[in-house]
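K.L.:
need a structure here:
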Amino acid sequence: MSLCFLCYHQDMKPVLVSGIQPSGRLHIGNYLGALRNFVDLQDSAQYEYYFFIADLHSITEPFEPKEKKKQILETLAEYLAAGIDPKKSCIFQQSQVPTHAELGWILNTVAPMGDLERMTQYKDKSARQKENVNVGLFDYPVLMAADILMYDAAVVPVGDDQLQHLELTRTLARRFNARFGKTFTEPKALLTKSARVMSLTNPEKKMSKSEPAGCLFLDDAPAEIAKKIAHAVTDSGSAVTYEPHKKPGLANLLDIYTALSHMEPQMVAKEFAGENYATFKKRLVELAANHLAKFRARKKELLSEPATLVKILEEGSARAARVAEKKIKEVKRKIGIAL
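P.N.:
Numbers count the residues shown, from 1 in each chain. Here you go, the predicted structure:
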């Protein structure tokens, strides 16, 4: 999942902070829903940018320790391959800025248990990983709040699936400020318009790395893209029409085509009027493979130089830590533990 926060610092550009978990290769849903937006925001040059790799969040779900470093560097390579530029943005590793976790613990002391128990994502993930329903999974939203409040977020660009977490963040800011004095900005939601990409094998469920057969990964080879789209669930009939409730499988493929081509779904359907599903799928394969060709090549090149990737993370993390350290010192003064 991705985390995206817009912040404001006095006498400087507003600050935008976003994060993605390093839990496996990113898929086209991650790209269309978050990563491409990150690049567009960066290239607008309106903000000061902080993009982090949310490795502390990622360990709340089952993982292999020997794979974690590889996943962190792979996520960084995907940031860079998509167009995030370390000369324009601060790119850092969450765990290398320990004040995130420190603030998370402090916010735990004002976090209402009832609010955490009602978190939809906690319920969903608990059902999915019944053998590992850990405290971190339950407490995840408090750390997410720390990620936001650390940088005085004023506006938070979010998808509708993150609104509940944002409301908790607002609650924690309000409770902390009421008890210890004005410290945090209470962030407001800015709903982002982004493609909601569903699984290719089950269009009723969101595309997820946990179900690889239903994912179009950003570095899939053209042959793999062709295979997955050919086997993607469509619907009865053969006419290419955009009817999400009646034809959810076809609508999902049309949404992907729409996002990659910057066309409206109805216009895409009109373009394929009179054609069958096979013809449409073939064109979608060509579009997706060509759109992601540069990304695939760039990611491969970046991963061949791991030392360079490590250096980018170390430098970015040191920069982010300097900013975060100022905030945690203020927090400690407010609660009376600063010496």
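
K.L.:
Poorly predicted segments of this protein, please.
P.N.:
For the chain, the stretches with pLDDT under 70 are 1-11, 157, 190-195.

K.L.:
So it: which segments form each domain?
P.N.:
2-196+306-335, 212-295 (automatic domain parsing).

K.L.:
Residue 20: neighbour count?
P.N.:
When neighbours are counted by other CB atoms under 10 Å, residue 20 registers 24. The way it works is simple: take the backbone N, C-alpha and C, and place the C-beta from them, glycine included.

K.L.:
now the domains of the chain as CSV including distance to residue 202?
P.N.:
CSV is the format used below for the domains of the chain (distance: least, CB to CB, whole Å):
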stretch, distance to residue 202
domain 2-196+306-335, 13
domain 212-295, 6
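
K.L.:
Residue 203: which of those domains is closest?
P.N.:
Taking CB to CB as the criterion, residue 203 comes closest to domain 212-295 out of those, the separation being 4.2 Å.

K.L.:
Look at that closest one and report the distance between its end residues.
P.N.:
For domain 212-295, the first and last residues are 19 Å from each other (CA to CA, to the nearest Å).

K.L.:
Point out the one among the domains of the chain that comes closest to residue 205.
P.N.:
Proximity of these to residue 205 was assessed by CB to CB; the nearest stretch is domain 212-295, lying at 7.7 Å.

K.L.:
before we move on, the earlier item: nearest approach to residue 206 belongs to which of the domains of the chain?
P.N.:
Relative to residue 206, the nearest member of the domains of the chain by CB to CB is domain 2-196+306-335, separated by 7.0 Å.

K.L.:
and that closest one, how far out from the chain's middle?
P.N.:
The chain centre lies 9 Å from the centre of domain 2-196+306-335; the measure is CA atoms, centre = their mean, to the nearest Å.

K.L.:
thinking again about what came up before, so which of the domains of the chain is nearest residue 204?
P.N.:
domain 212-295 (6.7 Å).

K.L.:
Give me the contact list for stretch 263-274.
P.N.:
For stretch 263-274, the surrounding residues in contact (CB atoms under 8 Å, 6 or more residues apart in numbering) are 240-242, 251, 254-255, 257-258, 261, 279-280, 283.

K.L.:
what does stretch 146-154 contact?
P.N.:
Residues outside stretch 146-154 that contact it (CB under 8 Å, 6+ apart) are 3, 5-9, 14-15, 17, 19, 50, 52, 54, 94, 99-101, 103-104, 107, 156, 166, 169, 172-173, 184-185, 187-188, 323-324, 327-328.

K.L.:
Stretch 229-239 now?
P.N.:
In this structure, residues lying in contact with stretch 229-239 by CB under 8 Å, 6+ apart are 200-203, 216, 246-250, 252-253, 276-277, 281, 284-285, 288.

K.L.:
now stretch 253-261
P.N.:
When contacts are taken as CB under 8 Å, 6+ apart, the neighbours of stretch 253-261 outside the stretch itself are 28, 32, 195-197, 216, 229, 232, 234, 240, 242, 263-265, 268-269, 280-281, 283-284, 287-288, 291.

K.L.:
Name the residues of that stretch that come out as buried.
P.N.:
Across stretch 253-261, burial judged by 16 or more other CB atoms under 10 Å covers 253-260.

K.L.:
can you tell me which of these lies nearest to residue 337?
P.N.:
When the buried residues of stretch 253-261 are compared for distance to residue 337 (CB to CB), residue 259 wins out at 48.0 Å.

K.L.:
any idea how far the closest one lies from residue 248?
P.N.:
When CB to CB, to the nearest Å is the yardstick, residue 259 and residue 248 sit 16 Å from each other.
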